[in-house]
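Asker: Fold the stuff below for me.
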Amino acid sequence: MNKYSGLTPEQNTFYQRTLLKELKDSVVLMPYGKLSKVPKNEGQTTSWRIFKQPALTKTPLTEGVTPADVDITIDKIQASVSQYGTWTKISDQLQDTGIDPVVTEVTEMFGEHAGLTLDSIAMDTVGAGLNVAYGGGKLARNQITPTDKFTYKMLTSITEFFKRQNVKKIKMPNGKMGYVALTPPEVMTTIKSWPEWKDANKYQDSKMIKRGIIGELDGVYFQDANTTPVYEGAGKDGIDVFGIVFLAAEAFGTPDIAGKKKPQIIVKDKRSGGTENPMELYSTVAWKSLFVAKRLREEAIYRVEVSGH
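Answerer: Presented below is the predicted three-dimensional model:
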């Protein structure tokens, strides 16, 4: 439950909804993860089940003979959750009734802050996947030059990789299935210059644009993202290198932040007292959340490192 001192249930509900709305509007990676239940306490583990396909059955059935059964492999992947959050002081006295405008603005800001924080933590994990290719056919990040941009040929090689790995596609907001490319703005400019992109995206879906999905090409939906890896000065002659993170279904897992153990908004009025605020000089607003991100299927993650525009 959320923690409040001297606030009404109506204020409690409003601030919590405000936090969650802004948080959900701020995340771009987390909606593509496999969800798990959030444990009650920090340090406890959450888990995901991943089913492995058995070997193909190529032997014809014999009439009257029951074939041997197959063993289904279920991987249980666990991770320990940690607690994240921050707080700030407010010098104004909070309103006794109604919705306090200052707390509302801080809650909106903290909702966005929480979303960006958790999404960035998830990206740090997912963006470190084992499958990687470098622009221009280079073999390492420090070899990338300004001309080693992302190309349509590289895109086709990634879709071929996913198909060969037999990973499932992700259901998109428009109901269609596809792979997702978390794309930094410095690379999206390059992609939009491709003739193939222009031909495929003459007409855009407003619902998808609202979600930050810029367009689709060859079954890959390009999601505008500003938390993708940026390797400052890591290329040849100190140029910046940018990472695009491609995902198929069940690539990674996170706790369900919309479940019973939601992120908390904590509002304390200056009149609540306490030894830390003995002169009642300030009120406080804070957010905190239990969270962890875990890679579940390495074959469903592919990172490309290239130069920007």
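Asker: okay, CA-based contacts and neighbour counts for the rest of this
Answerer: Fine.
Asker: what's whichever strand or helix holds residue 77 packed up against?
Answerer: Per DSSP states H and E, residue 77 falls inside strand 73-80. Applying 3 or more CA pairs under 8 Å, 6 or more residues apart in numbering; DSSP states H and E, one finds that strand 73-80 contacts strand 45-52.
Asker: Now do the strand it packs on and strand 73-80, the angle between them.
Answerer: Angle of strand 45-52 versus strand 73-80, following axes from the mean of the first three to the mean of the last three CA atoms, to 10 degrees, is 160 degrees.
Asker: Next secondary structure element downstream of the strand holding residue 77?
Answerer: The helix or strand immediately downstream of strand 73-80 is strand 82-90, counting by DSSP H and E.
Asker: Residues contacting stretch 231-239, please?
Answerer: By CA atoms under 8 Å, 6 or more residues apart in numbering, the surrounding residues in contact with stretch 231-239 are 141, 142, 143, 144, 145, 146, 240, 241, 242, 243, 307.
Asker: Ok, stretch 300-309 next?
Answerer: Applying CA under 8 Å, 6+ apart, the external contacts of stretch 300-309 come out as 126-127, 129-135, 141, 144-150, 158, 162, 165, 167, 186-187, 189-190, 239-251.
Asker: hmm, 7 Å instead?
Answerer: For stretch 300-309, the external contacting residues (CA atoms under 7 Å, 6 or more residues apart in numbering) are 127, 129, 131-135, 144-146, 148-150, 162, 167, 186-187, 189-190, 240-249, 251.
Asker: are any of those residues buried, and which?
Answerer: When the contacts of stretch 300-309 are checked for burial by 16 or more other CA atoms under 10 Å, the buried set is 127, 129, 132-135, 144-146, 148-150, 162, 167, 186-187, 240-249, 251.
Asker: What is the neighbour count of the closest residue to residue 61 other than its chain neighbours?
Answerer: Excluding its sequence neighbours, the residue lying closest to residue 61 (CA to CA, 6 or more residues apart in numbering) is residue 67, at 7.1 Å. Under the neighbour criterion other CA atoms under 10 Å, residue 67 is assigned a count of 10.
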